[in-house]
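1. sequence first, then the predicted structure:
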Amino acid sequence: MREDWKTYKLPELGTIARGKSKHRPRDASHLYGGEYPFIQTGDVKVSNHRLNQHTQTYSEDGLAQSKLWPKNTMCITIAANIAETAILDYPACFPDSIIGFIADETLCDIDFAEYLMQYFKKQIQSHSIGSVQENINLGTFQRVEFKVPPLTEQKQIASILSALDDKIELNLQMNKTLEEMAMALYKHWFVDFGPFQEGEFVDSELGLIPEGWEVKRLDSLVNFSNGYAFKSKQLLKNTEDDCFHVFKMGHIQKGGGLKANGTKSWVRKNDCTGLDKYILKVGDILMSMTDMKDNMTILGHTALMNENQKYIVNQRVGLLRINNKVNVGYPFIFMLTNSFDYIERLRSQANSGVQVNLSTDAIKSSKVVTPTESINEKFHQITLPLFEQINKNAIENQTLTQLRDTLLPKLISGEVRVKEVQEMVSEALVG
């Protein structure tokens, strides 16, 4: 640490105050549905440095009992998801479960401040109080001290880390667009039957379908198997050399998709002798077979594997592999298994309790409207390049995220200087 780095508490670097939401009850409908973004702790948690998406808005009545914070305010969660941070990309309101920090621009760069909070997150969380739900408060930031470089160096550090985050965000947005394009095409062809309206239609157990198409069981298009039931003593809480990531339901996003940072367990490859069929490869489709009855978000939904030999699938996750019949490819099956109609039909076959479970037979026997081989082949030719680009972007993001997470503590602590890592970061951004 150099001599020109000084010790500060966060309130000494800008203005800090709690969010505002006076009205009780807070769920009063007249407060919501207007034009003013209303940020909640979950929105902050899922953001990547910059907060540019929200799930709720305030009306004029909502704004009147709250406060509109300016763009570039840093949000810090102090309840539920403790010490999560993100910077507003637009003016927004937030409740008193979030603290707002506005940097004094003569002392502090707001992007640097957010990375600083990421670095000190665990230390801040250690100040939490409470029994059922832990939380922190404004007083926490009167107690925690930080070493901070001069403003010029703050900006240099933030520029390096922001460049990586910006590239990650660009890839995420590109993938979102590509996925929406692919799903729109799937819906147009196989739900609305748009290109086939001029032809003849016939009755089927799933309604009218184009002549020549069939209703088949899912297991006529894929090979299905349950994940492997590892013993708890085999599972590691931290990774070691020569380990597989254990693919569990936590890797499947709400509504479908792969959560690459979902790994909570690892298993040594030496403990996986004879389990080759459970080792995942590109194009494998993983389905959640269990969910909570009162909060059903992933049951039946699937994730698409984008790496070879990294994961091994655990129990209560179904493994779907294309069997190369009737020219159906993995893009079709992935979009099918995340489509509204299919999910509704499949969930109607689930066994209900506190947990909701899908049986192997229910999944294998689920019905699928299956086009002709020539249509399947044409659809695959159009959509496969989209998913290959999605996979490429996702793998690049993993590399960029690993680099950012490695550099962040080294730069924020002063262990390395910006000039020492600029070339490395430039090469990573070029790809």
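-> It's in.
2. how about the helices in the stretch 201-350 of the chain?
-> Listed in chain order, the helices of the stretch 201-350 of the chain (DSSP state H, counting those that start in this stretch) span 330-336, 340-347.
3. so what touches the longest one?
-> Contact with helix 340-347 is made by 191, 296, 299-301, 336-337, 356, 358, 362-363, 366-368, as judged by CB atoms under 8 Å, 6 or more residues apart in numbering. All C-beta spots, glycine's among them, are computed from the backbone N, C-alpha and C.
4. could you give the number of residues near the closest residue to residue 165 other than its chain neighbours?
-> Spatial nearest neighbour of residue 165, chain neighbours left out: residue 49 (4.4 Å); criterion: CB to CB, 6 or more residues apart in numbering. When neighbours are counted by other CB atoms under 10 Å, residue 49 registers 21.
5. isn't residue 49 right up against residue 87?
-> Yes: Residue 49 lies in contact with residue 87 (CB atoms under 8 Å); the separation is 6.7 Å.
6. what sits in contact with each of the two?
-> With CB under 8 Å, 6+ apart, residue 49 and residue 87 have common neighbours 111, 114.
7. so where's the stretch 101-250 of the chain uncertain?
-> By pLDDT under 70, the low-scoring segments of the stretch 101-250 of the chain are 129-134.
8. on that earlier part again, so what's the residue nearest to residue 165 scoring on pLDDT?
-> Model confidence at residue 49, given as pLDDT, is 94.
9. same deal with residue 431?
-> 72.
10. give me the nearest residue to it, chain neighbours excluded.
-> residue 396 (6.1 Å).
11. and the residue lying closest to residue 326 once chain neighbours are set aside, how far from residue 145?
-> Excluding the flanking residues, the one nearest residue 326 by CB to CB, 6+ apart is residue 373, at 5.1 Å. Between residue 373 and residue 145 the distance is 68 Å, computed by CB to CB, to the nearest Å.
12. of the helices of the stretch 201-350 of the chain, flag the one that's most buried.
-> helix 330-336 (a mean of 23; mean count of other CB atoms under 10 Å).
13. give me the mean pLDDT for that helix.
-> Averaged over helix 330-336, pLDDT sits at 98.
14. now what about it, what contacts it?
-> 182-183, 186, 190, 221-222, 256, 283-285, 302, 304, 320, 322, 342, 368, 376, 379-380, 383-384, 386-387.
15. mind giving me the PyMOL select for these, buried ones only?
-> In PyMOL, a selection of the buried entries from the contacts of helix 330-336 looks like this (16 or more other CB atoms under 10 Å):
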select buried, resi 182+183+186+190+221+222+256+283+284+285+302+304+320+322+342+368+376+379+380+383+384+386+387
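16. take the contacts of helix 330-336 and keep only those in strands.
-> Within the contacts of helix 330-336, residues falling in strands by DSSP state E are 222, 285, 302, 304, 320, 322, 368.
17. domain ranges for this protein?
-> The chain breaks down into these domains under automatic domain parsing: 6-148, 214-370.
18. wait, which of these is closest to residue 412?
-> domain 6-148 (4.2 Å; CB to CB).
19. from the middle of its chain, how far away would the closest one be?
-> Its chain's C-alpha centre and that of domain 6-148 lie 21 Å apart, by CA atoms, centre = their mean, to the nearest Å.
20. let me know the secondary structure of the residue nearest to residue 431.
-> Of the three states, residue 396 takes helix under DSSP: H, G, I helix; E, B strand; the rest coil.
21. what does the pLDDT read for it?
-> For residue 396, pLDDT reads 96.
22. how about the one 10 residues further on?
-> Reported pLDDT at residue 406 in the predicted model: 96.
23. are we agreed that it is in a strand?
-> No: counting by three-state DSSP, residue 406 falls outside a strand, being helix.
24. for residue 106, which non-adjacent residue is closest in space?
-> residue 151 is the one closest to residue 106 (CB to CB, 6+ apart), at 7.4 Å.
25. hang on, isn't the one you found packed against residue 111?
-> No: the pair residue 151 / residue 111 is not scored as a contact, 11.9 Å apart, by CB under 8 Å.
26. who's more crowded, the two?
-> Between residue 151 and residue 111, residue 111 has the larger neighbour count (other CB under 10 Å), namely 22 against 15.
27. let me know the helix or strand that that one is in.
-> helix 110-119 (DSSP states H and E).
28. for that helix, list the C-alpha coordinates in PDB.
-> Provided in PDB are the C-alpha atoms of helix 110-119 (Å, rounded to 0.1, in the frame of the first residue of the first chain):
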ATOM      1  CA  ILE A 110     -18.500   6.100  -8.100                       C
ATOM      2  CA  ASP A 111     -17.400   3.100 -10.200                       C
ATOM      3  CA  PHE A 112     -14.400   2.700  -7.900                       C
ATOM      4  CA  ALA A 113     -16.700   3.000  -4.900                       C
ATOM      5  CA  GLU A 114     -18.800   0.100  -6.100                       C
ATOM      6  CA  TYR A 115     -15.800  -2.100  -6.700                       C
ATOM      7  CA  LEU A 116     -14.500  -1.100  -3.200                       C
ATOM      8  CA  MET A 117     -17.800  -2.300  -1.700                       C
ATOM      9  CA  GLN A 118     -17.500  -5.600  -3.600                       C
ATOM     10  CA  TYR A 119     -14.000  -6.000  -2.100                       C
END
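29. against which helices or strands is that helix packed?
-> Helix 110-119 sits against strand 74-77, strand 85-88, strand 98-103, strand 145-148, helix 151-190, helix 373-412, with contacts defined as 3 or more CB pairs under 8 Å, 6 or more residues apart in numbering; DSSP states H and E.
30. comparing the ones you listed, which comes out most buried?
-> Of all those, strand 74-77 has the most neighbours on average by mean count of other CB under 10 Å, namely a mean of 26.
31. rewinding a little: the helices of the stretch 201-350 of the chain: which one's closest to residue 135?
-> Nearest to residue 135, of these and by CB to CB, is helix 340-347 at 35.9 Å.
32. could you point out which element follows the closest one?
-> strand 355-357.
33. quick check: mean pLDDT of that next one?
-> Rounded mean pLDDT across strand 355-357 is 94.
34. which outside residues touch it?
-> Strand 355-357 has contacts (CB under 8 Å, 6+ apart) with 289-293, 296, 299, 347, 350-351.
35. which residue in the residues you listed has the weakest pLDDT?
-> residue 293 (87).
36. what's the burial count for that one?
-> 12.
37. quick one: residues contacting it.
-> 352-356.
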